[in-house]
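# here are the coordinates; sequence isn't available:
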């Protein structure tokens with residue numbers, strides 16, 4: 001296969017698999033599909049360039065925003081040319097005008113570019129959305145409740161479930177205030193330098209600066225879940241669906257299954273990667289049919305101990321009998337004990353491996369370690385809280 005064929009093949013595969021199903025053509029505000037986009041950009045594919053990537057040719061803007069309670073233009077509204085009278089149409093037009101200023105010919109908005117009556121299209125869109133934001137030439141963020149940078153930390157955009165991936169996925173972001181004035185004079189507000197905007201984002205999201213430049217994957221699960229813990233979604237299932245892209249897993253979309261079931265499926269998918277940080281949670285377990293090893297929600301990961309895990313993969317499988325994981329069972333001796341009236345604190349040591357120590361606190365007010373407890377083997381109960389570490 002020669003270089004010309006290789007670049008065109010790469011281009012076509014990219015267009016058919018890595019950009020939105022439908023875009024708005026900014027010249028006439030009409031919808032176009034992938035085949036139209038392919039025809040439009042085909043002439044820009046270089047004949048000889050071994051470093052060519054299709055994103056250099058296929059460029060589109062993408063919108064991130066807080067939905068109105070009602071009045072957002074839908075796919076049906078746009079097709080019927082009845083969108084102009086809706087409350088959200090002005091926002092769509094302003095977004096498209098800003099996209100033009102960035103030299104874009106196409107744009108995408110989640111309000112109107114998905115035919116939500118088509119379950120197959122909706123499923124693909126939700127599964128692909130992180131990738132679509134990642135592949136955009138520019139993500140335009142409208143902060144509808146902010147007029148200055150002082151307001152930003154309190155804007156609802158930072159409390160919604162879907163906007164987390166819309167912050168992390170794009171490589172370039174431009175923020176606009178309520179009246180569509182730009183937050184800065186920079187073309188790209190997602191800056192590797194610790195600018196005022198980046199410091200504000202870090203405070204508003206509680207995401208460390210370096211993590212704002214994000215690579216998806218089922219790793220550091222405990223830390224990444226805390227980023228979503230304060231966020232809300234209108235549909236309960238979207239708590240899980242909105243995190244698929246962040247953890248680079250795929251779930252079949254099944255609205256109506258309930259938030260608990262959707263989150264259990266998300267955790268099961270993450271577990272397949274074998275990162276043990278998925279177990280660093282506390283509180284009540286989810287109502288899973290076979291296992292109590294799955295947490296209820298992202299909130300379960302908040303305020304857990306900061307643990308460092310080896311990069312080695314832990315084999316774990318969810319079976320009809322529960323979670324199957326390889327474990328090393330070691331005897332533990334109580335080397336120190338203290339009762340303060342509301343809890344019992346213990347220090348445990350392993351006689352076979354003296355470098356292992358466990359600080360253990362029980363908050364079980366009905367059975368605070370009776371005196372006849374075995375000194376050699378201690379059963380760690382599900383509602384207890386413990387931290388193991390090497391010394």
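Ah, there it is. Keep in mind that what you see is a predicted model, and the values were worked out from it rather than measured.
# for residue 145, what are its contacts?
For residue 145, the contact set (Cβ atoms under 8 Å, 6 or more residues apart in numbering) comprises 66, 151, 154-157, 178. Heads up, the C-betas are built off the backbone N, CA and C, glycines and all.
# Tell me which stretches of the protein form strands.
Applying DSSP state E to the chain gives strands spanning 22-25, 30-33, 61-64, 106-108, 138-142, 173-176, 317-319, 322-324, 333-339, 344-349, 356-362, 385-390.
# Quick one: buried ones out of the contacts of residue 145?
66, 155, 157 (16 or more other Cβ atoms under 10 Å).
# so which of the strands of the chain comes closest to residue 255?
Comparing the strands of the chain by their distance to residue 255 (Cβ to Cβ), the top pick is strand 22-25, with 20.5 Å.
# export the contacts of residue 145 to JSON lines and tack on pLDDT and distance to residue 32?
As requested, those are exported to JSON lines (pLDDT from 0 to 100; distance: Cβ to Cβ, whole Å):
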{"residue": "66", "pLDDT": "97", "distance to residue 32": "27"}
{"residue": "151", "pLDDT": "97", "distance to residue 32": "36"}
{"residue": "154", "pLDDT": "96", "distance to residue 32": "38"}
{"residue": "155", "pLDDT": "97", "distance to residue 32": "32"}
{"residue": "156", "pLDDT": "97", "distance to residue 32": "32"}
{"residue": "157", "pLDDT": "98", "distance to residue 32": "28"}
{"residue": "178", "pLDDT": "97", "distance to residue 32": "30"}
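# Turn those residues into a markdown table, including distance to residue 247.
Formatted as a markdown table, the contacts of residue 145 follow (distance: Cβ to Cβ, whole Å):
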| residue | distance to residue 247 |
| --- | --- |
| 66 | 24 |
| 151 | 31 |
| 154 | 28 |
| 155 | 25 |
| 156 | 24 |
| 157 | 22 |
| 178 | 33 |
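# The closest residue in space to residue 37 that isn't next to it in sequence: neighbour count?
Distance criterion Cβ to Cβ, 6 or more residues apart in numbering; nearest residue to residue 37, sequence neighbours excluded, is residue 15 at 5.8 Å. Residue crowding around residue 15 was assessed by other Cβ atoms under 10 Å; the count is 21.
# now residue 297, nearest residue through space, not along the chain?
Using Cβ to Cβ, 6+ apart, the nearest residue to residue 297 is residue 263, at 6.0 Å.
# no wait, residue 304
Residue 304 sits nearest to residue 280 (Cβ to Cβ, 6+ apart), 5.2 Å away.
# Could you find the closest non-adjacent residue to residue 330?
residue 350 (4.9 Å).
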